[in-house]
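Engineer: My questions are about this predicted structure, shown below with the sequence.
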Amino acid sequence: ETETNSEKRRRKRRSRWGSDKEKVQLPPQLAAIAATQNLTAAQTKMMLLKLQLQQVSAKLLNPAQHMDKEKMSPSPEPIYDANGKRTNTR
């Protein structure tokens, strides 16, 4: 079966920003608030963006709390040169 040119054009292009499944959905608590307050789509999106901004801000304020210690590579043992200066720094 071959597709015609019009069928190829109608097919949705792949987004480089991720699929709909990968996009963030409203958490259940915010979805309930949005439903009870009859928020518009723009207001709901704004609420989601504010939530994401708060999460990113929290990570920036305390990065050690949000790091996964198991995924980090271990620090190498320090190596010093003849002058006592460390040579294997990042």
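Structural biologist: The structure has been received and is ready for your questions.
Engineer: ok, which stretches of the chain are strands?
Structural biologist: Defined through DSSP state E, the strands belonging to the chain form an empty list.
Engineer: Now do the buried residues in the longest helix seen in the chain.
Structural biologist: Across the chain, the longest stretch assigned as helix under DSSP state H is helix 41-61. The neighbour-count check on helix 41-61 (16 or more other Cβ atoms under 10 Å) flags 44, 47, 48 as buried. Just so you know, the C-beta spots here come from the backbone N, C-alpha and C atoms, and that holds for glycine as well.
Engineer: For the first one, which residues are in contact?
Structural biologist: What that stands for is residue 44. Contacts were defined as Cβ atoms under 8 Å, 6 or more residues apart in numbering; by that measure residue 44 touches 26, 30, 34.
Engineer: Most neighbours out of those, which is it?
Structural biologist: Tallying neighbours with other Cβ atoms under 10 Å puts residue 34 at the head of these, with 18 neighbours.
Engineer: what's the pLDDT at the closest residue to that residue other than its chain neighbours?
Structural biologist: Once flanking residues are discounted, residue 34 sits nearest to residue 44: 4.7 Å by Cβ to Cβ, 6 or more residues apart in numbering. As predicted, residue 44 sits at a pLDDT of 84.
Engineer: got it, and residue 79?
Structural biologist: Residue 79 carries a pLDDT value of 91.
Engineer: Check the burial of it by counting its neighbours.
Structural biologist: Residues near residue 79, counting by other Cβ under 10 Å: 9.
Engineer: So it sits against residue 87, correct?
Structural biologist: Yes: the pair residue 79 / residue 87 is scored as a contact, 5.1 Å apart, by Cβ atoms under 8 Å.
Engineer: where does the chain have low pLDDT?
Structural biologist: 1-10, 12, 14-24, 90 (pLDDT under 70).
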